[in-house]
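Participant: Predicted model and sequence follow; I will ask about them next.
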Amino acid sequence: MRRLALMMLLLGLCLTTAQSQEQHRSWQDVYNELTTADDAESTLWEENHDLLEQLAAHPLNLNKATREDLEQLPFLTEQQVMDLQEYLSRYGPMRSLGELRMVRSMDYRQLQLLPFFVYVSHEQEAPRDTLPSLQSIARYAQHELSAYAQIPFYERKGDHNGYLGYRYKHWLRYEMSYHDRLRIGLIGAQDAGEPFLANRNTWGYDYYSYYLQISKIGRLKTLVLGKYRLSTGMGLVLNNSFSLGKLFMLQSLGRSMRSLRPHTSRSEADYFQGAAATIALSKRLDLTTYVSYRPIDATLDKGSATASTLLTSGYHRTPTEMQKKYNTHMTDAGASVLYRNGALKMGITAVYTHLDRSLEPNRKTLYRRYYAHGTNFFNLSADYALTLPRLSLAGETAINADGALATVNVASYQPSSRIGLVAAQRFFSYRYHALRGNSFCEGGHVQNESSLYVGATWQPAKYVHLQAYTDWAYFPWARYQASASSYANDHLLGISYQRQQVTITARYRLHLRQRDDENDHLEWRTEHRARLQADYNPTENLTLRTQADASRTVQQDASQGIMLSEHVSYKSQRFSMWLSAAWFKTDDYDSRLYLFEHALPRTFSVPAFYGEGIRLSATAQLRLNSHLQAGMRFGLTRYFDRETIGSGLQQIDGTTKSDLELSLRWKLRD
């Protein structure tokens, strides 16, 4: 196995010396290059991936897209949105996506990403301002039905005694859409170990999501009934839709985001359930309002009168986990007003949340002293965005019911399509908390942080692209694993060379954080991560990638790791295949490494590895006819340094973990 993996790596390195034609990659490949290990551990990782997959499945017609439509693409800057609209207004409809190069602010990454999410067409769209007739919907609506199952070739300790259900994971998804005017969806999902049609899951699946979305009907811009997600401003008070990482932020240059969309993923964390709508009060004034009531999981204190922790994992495999299912209820209501006048946007957002049990974390622990607690929570914010030629300013300032302050302010400057500069200032009081907030930060929460971020992208030559950022953070109050005020520094430098069919990228990241030692004294924890990657396209349909990842973490003792991987993908009109092989060796969990793997539709795979072993995976998709597509994925991980894998009920008695995934997707009226 080791020899096979090393031979594949050497083959890939040799192939990168050849030359051919333009390479063809997927949006997942580009997205992977814009993420870091911190992003892979983010609670919104699944939502980020799901949003981009939804946008790719329903691309925008650039010749018909409104400003609000373009703003749903999270990687575009405010300047690029305005320049796109100005170009279309001045020169008329685009004839091909090649004209994107004529838009002055478009840079390297956007030109890579946009073709996956937009197209150009002169076709007539459905008439707006009125609800489409049932006859039109029945005749022209698109239907999609997807099914997925994961079959493990191993048994965990909990499968014999502990888990309430069987060891198979599966889900079912149906969606009907009519242009960009109407969407109806239903999702049922089951994790391995959860009971199906048993215990408290008498309705079958452990989790369901359902939604109805109506858009662009007169003054009604968007209406969503069922489960949905919302974001406003910079996310200080309201954001469960999309989270920008530090590297991804360089592409959007810190643009504020406002979105209302259905909850289309299988994640059981942080969604709303009820109704939400965005209404145009006038040409320049929009109102978004929402109300939500939903059950949530919580860890209850003795006597069950209060909750110590709100849970977001969504697992209900054991009797203990099942007892926590939906034992608390959350009510949300709020409104956001947005004013637009050319290059200026200003908004006000008010958010109210009520829990039917008092949230009482253990605040005797120093770092939890100012955690959110109680039954009622209120946040108010004001946000702004000003887009001038080459210069953009954006920000949001918020307070909670205690009067604590949080603010984010971003300035970006783009003197040409080859250079982009961004600076972001953040201040979150240690007394500030927002249950529905999720913003760009170092500490993981919109609380207890004062920071400055500076980043740049530069294309010094036609084939070379550079990106870099530096982030300095100060935490005035104690935090997890730091018993006093502490500091963190994060620095990244990346370079990419692309010419014809060859792309070579290199990236180095240095992350320093102060942590407690065994005597509760602060010391620096230093983390180095590096990646070297080479892509080669010998033909239009074939892509080869060789990648090397390395990590080193130092705090008293040193921990280091390396991973070598080879990836092969082949795409034709009816058949696609992705193969990958990796060898990894790390000292322990601190030097773990992440591997991006192509997954089946509506799924993602970014596993973390530590110890020593190999990872093999193969994914294949076959288009059986114009309506039916089948997929299969096999993954195998073999460890050389242990006799068991995992711990507790997840423990596998053996050195190999392998599973098979199957998917089937049926589409009507492409």
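Facilitator: Nice, thanks for sending it over.
Participant: make it CA atoms for all contacts and neighbour counts henceforth
Facilitator: Fine.
Participant: contacting residues for Asp107?
Facilitator: 417-418 (C-alpha atoms under 8 Å, 6 or more residues apart in numbering).
Participant: Tell me how far stretch 417-426 lies from the chain's centre.
Facilitator: Averaging C-alpha positions (C-alpha atoms, centre = their mean, to the nearest Å) puts stretch 417-426 21 Å from its chain's average.
Participant: Beta-bridge partners for Leu492, please?
Facilitator: In this entry, Leu492 is beta-bridged to Tyr469, Arg509, by DSSP bridges.
Participant: does it really touch Tyr508, like I thought?
Facilitator: Yes - contact criterion C-alpha atoms under 8 Å: Leu492 and Tyr508 qualify, at 5.7 Å.
Participant: can you tell me how far Ala372 sits from Glu597?
Facilitator: Going from Ala372 to Glu597 by C-alpha to C-alpha, to the nearest Å gives 37 Å.
Participant: more crowded one of those two?
Facilitator: Neighbour count, other C-alpha atoms under 10 Å: between Ala372 and Glu597, Glu597 has more, with 23 against 18.
Participant: Which pLDDT value goes with that one?
Facilitator: Looking at Glu597, its pLDDT reads 90.
Participant: With Asp653 as the reference, measure out to it.
Facilitator: Distance, Glu597 to Asp653, using C-alpha to C-alpha: 25 Å.
Participant: Could you do Gly420 as well?
Facilitator: Distance of Gly420 to Asp653, computed by C-alpha to C-alpha: 52 Å.
Participant: Likewise for Leu405?
Facilitator: 51 Å.
Participant: Same question for Phe475.
Facilitator: For Phe475, the distance to Asp653 equals 43 Å [C-alpha to C-alpha].
Participant: Looking at these two, which is more packed in?
Facilitator: Counted by other C-alpha under 10 Å, Phe475 and Asp653 do not tie: Phe475 has more neighbours, with 23 against 17.
Participant: Give the full set of residues in contact with the residue lying closest to that one once chain neighbours are set aside.
Facilitator: The shortest distance from Phe475 to any non-neighbouring residue, by C-alpha to C-alpha, 6 or more residues apart in numbering, is to Glu449 (4.7 Å). Contacts for Glu449 (C-alpha under 8 Å, 6+ apart) come out as 426-430, 442-443, 473-476.
Participant: One more: Gln533?
Facilitator: Taking C-alpha under 8 Å, 6+ apart as the test, what Gln533 contacts is 504-506, 545-548.
Participant: Among those, which are located in strands?
Facilitator: Counting by DSSP state E, the contacts of Gln533 place 504-506, 545-548 in strands.
Participant: Redo those residues as TSV? Include distance to Lys283 and pLDDT.
Facilitator: Shown next, in TSV, are those (distance: C-alpha to C-alpha, whole Å; pLDDT from 0 to 100):
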residue	distance to Lys283	pLDDT
Ile504	47	94
Thr505	46	93
Ala506	47	96
Arg545	50	94
Thr546	52	96
Gln547	51	96
Ala548	53	97
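Participant: So which elements touch the host helix or strand of Asp297?
Facilitator: Here Asp297, judged by DSSP states H and E, is contained in strand 285-300. Where contact means 3 or more C-alpha pairs under 8 Å, 6 or more residues apart in numbering; DSSP states H and E, strand 285-300 is packed against strand 272-280, strand 306-311, strand 328-341.
Participant: Tell me which of those is the most buried.
Facilitator: Burial of the helices and strands packed on strand 285-300 is given as mean neighbour count (mean count of other C-alpha atoms under 10 Å); strand 272-280 ranks first at a mean of 22.
Participant: For it, C-alpha coordinates in PDB please.
Facilitator: Output in PDB follows, covering the C-alpha atoms of strand 272-280 (Å, rounded to 0.1, in the frame of the first residue of the first chain):
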ATOM      1  CA  PHE A 272     -35.000  29.200  12.000                       C
ATOM      2  CA  GLN A 273     -38.400  27.600  11.700                       C
ATOM      3  CA  GLY A 274     -41.400  29.700  10.900                       C
ATOM      4  CA  ALA A 275     -41.800  32.500   8.400                       C
ATOM      5  CA  ALA A 276     -39.600  35.300   7.000                       C
ATOM      6  CA  ALA A 277     -40.000  37.800   4.200                       C
ATOM      7  CA  THR A 278     -38.200  40.700   2.500                       C
ATOM      8  CA  ILE A 279     -40.500  43.400   1.200                       C
ATOM      9  CA  ALA A 280     -39.600  46.500  -0.900                       C
END
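Participant: now that strand, how far from the centre of its chain.
Facilitator: Counting by C-alpha atoms, centre = their mean, strand 272-280 comes out at 22 Å from the chain centroid.
Participant: quick one: strands adjacent to it?
Facilitator: Its sheet considered, strand 272-280 pairs with strand 220-231 (antiparallel), strand 285-300 (antiparallel) by DSSP bridges.
Participant: can you give me the angle the first one makes with strand 328-341?
Facilitator: Spelled out, that is strand 220-231. Our comparison of strand 220-231 with strand 328-341, counting by axes from the mean of the first three to the mean of the last three C-alpha atoms, to 10 degrees, yields an angle of 120 degrees.
Participant: Likewise for the last one?
Facilitator: Angle between the axes of strand 285-300 and strand 328-341 is 160 degrees (criterion: the same axes, to 10 degrees).
Participant: which residues sit against strand 285-300?
Facilitator: So strand 285-300 is in contact with 272-281, 306-312, 314, 324-340, going by C-alpha under 8 Å, 6+ apart.
Participant: circling back to that earlier point, farthest pair within the ones in strands among the contacts of Gln533?
Facilitator: The distance between the two most remote of those (C-alpha to C-alpha) is 13.2 Å, for Ala506 and Arg545.
Participant: more crowded one of the two?
Facilitator: The neighbour comparison of Ala506 against Arg545 (other C-alpha under 10 Å) goes to Arg545, with 23 against 18.
Participant: quick one: that one and Pro538 touch, right?
Facilitator: No - contact criterion C-alpha under 8 Å: Arg545 and Pro538 do not qualify, at 11.3 Å.
Participant: list residues touching both of Leu492 and Tyr508?
Facilitator: Residues touching both Leu492 and Tyr508 (C-alpha under 8 Å, 6+ apart): there are none.
Participant: where's Ala424, which helix or strand?
Facilitator: Using DSSP H and E, Ala424 falls within strand 419-428.
Participant: Keeping just the C-alphas, turn that strand into PDB.
Facilitator: Only the C-alpha atoms of strand 419-428 are listed here, as PDB (Å, rounded to 0.1, in the frame of the first residue of the first chain):
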ATOM      1  CA  ILE A 419      -4.300  44.300  -6.700                       C
ATOM      2  CA  GLY A 420      -6.700  44.100  -3.800                       C
ATOM      3  CA  LEU A 421      -6.100  45.500  -0.200                       C
ATOM      4  CA  VAL A 422      -8.300  45.000   2.800                       C
ATOM      5  CA  ALA A 423      -8.100  46.000   6.500                       C
ATOM      6  CA  ALA A 424     -10.600  45.000   9.100                       C
ATOM      7  CA  GLN A 425     -10.900  46.200  12.700                       C
ATOM      8  CA  ARG A 426     -12.900  44.200  15.300                       C
ATOM      9  CA  PHE A 427     -13.900  44.900  18.800                       C
ATOM     10  CA  PHE A 428     -16.100  42.600  20.800                       C
END
